[in-house]
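Visitor: return a 3D structure for these sequence lines:
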Amino acid sequence: MSVKIYVGNLSYDVTEKHLEDLFNQHGQVASVKIISDQYSGRSKGFAFVEMADNAEANNAIKNLDGTSLLDRPLKVNVAKPKNDSGKSSRY
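Guide: Prediction:
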């Protein structure tokens, strides 16, 4: 079963390739998606990484949360499902 991981506090210069390479060090990456503003196309500063294995995903979260990527400390945790309003249920 795959695990979706939230990656926040991204530099606007981070690419999906940066994230794929970083997370591949901890296991098999199924997909990477940087969330962009629909009008400007600019990154919103967060992404979702999907990893194929639960243990590998937990290892990536443990080892990457707080680490620096392009001079920004990453916030890495398990993605929370959206509620009916389309917003994350953690807020």
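
Visitor: give me the residues contacting the strand or helix carrying residue 23.
Guide: Counting by DSSP states H and E, the secondary-structure element that holds residue 23 is helix 16-24. The contact list for helix 16-24 (C-beta atoms under 8 Å, 6 or more residues apart in numbering) reads 5, 7, 29, 32-34, 47, 49, 51, 60, 64, 69-70. The way it works is simple: take the backbone N, C-alpha and C, and place the C-beta from them, glycine included.

Visitor: near the closest residue to residue 65 other than its chain neighbours, how many other residues are there?
Guide: Leaving aside its chain neighbours, residue 65 sits nearest to residue 76 (4.2 Å; criterion: C-beta to C-beta, 6 or more residues apart in numbering). Using other C-beta atoms under 10 Å, residue 76 has 22 neighbouring residues.

Visitor: phi first, then psi, for residue 76.
Guide: When read as degrees, to the nearest 10, the backbone of residue 76 gives phi -130, psi 120.

Visitor: still on that earlier bit, mean confidence for the helix holding residue 23?
Guide: The average pLDDT for helix 16-24 rounds to 98.
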